[in-house]
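# give me the fold of what follows.
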Amino acid sequence: MTREAAGTARRHAFAGVPFTRLLGVRREYSEGGRARLVVDARPEFGNVIGAMHGGIVATLLDVAMASAAVSQVDFEMTAVTLSMNSTFVRPGHGRLTADGAVLAVDDTVALCEASVVDEGGRLVARAIGSFRYLPHPTTEETHDELSR
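Modelled structure (predicted):
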């Protein structure tokens, strides 16, 4: 695999994550330390009050921040959640949109924030989280292939 192909694979790794694919989460963009994700409402995502389940909202917050973190380092690394503190403001109805951004970064950890709004643009939830940078699996595979 060429370095260019490896870079493309890292950039598109999000599309291959089984959990986000199962939920139908789509990444609108992830670049320069910012990311936007969307998910459409489905009956199986509802809670007892007819809104999107809080687990869906929390997942959007988490993945939006992680996507922002990896875009900050041009997808050279992956990022795993160390901590996340979320606040739920109101029930989310219809399509939900999550925006994530990097606030600060050092060699190994990114501090990020995210918010989720409903299809009416109303704030549903906010979060702040820290994410540890780890070697991207495709980077290790590429290194092994290039050294052969």
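# ranges for the helices of this protein?
3-11, 18-23, 54-72, 137-146 (DSSP state H).
# ranking those helices by mean pLDDT, which is last?
Of all the helices of the chain, the minimum mean pLDDT falls on helix 137-146 (a mean of 48).
# okay, buried residues for stretch 34-44 please.
Of the residues in stretch 34-44, 34-39, 41 count as buried by neighbour count, 16 or more other CB atoms under 10 Å. Every residue, glycine included, has its C-beta placed from N, CA and C.
# out of these, which are inside strands?
34-39 (DSSP state E).
# circling back to that earlier point, kindly reformat the buried residues of stretch 34-44 as JSON lines containing pLDDT and distance to Leu82.
Output for those, formatted as JSON lines (pLDDT from 0 to 100; distance: CB to CB, whole Å):
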{"residue": "Arg34", "pLDDT": "98", "distance to Leu82": "20"}
{"residue": "Ala35", "pLDDT": "98", "distance to Leu82": "18"}
{"residue": "Arg36", "pLDDT": "98", "distance to Leu82": "22"}
{"residue": "Leu37", "pLDDT": "97", "distance to Leu82": "20"}
{"residue": "Val38", "pLDDT": "98", "distance to Leu82": "25"}
{"residue": "Val39", "pLDDT": "98", "distance to Leu82": "24"}
{"residue": "Ala41", "pLDDT": "95", "distance to Leu82": "30"}
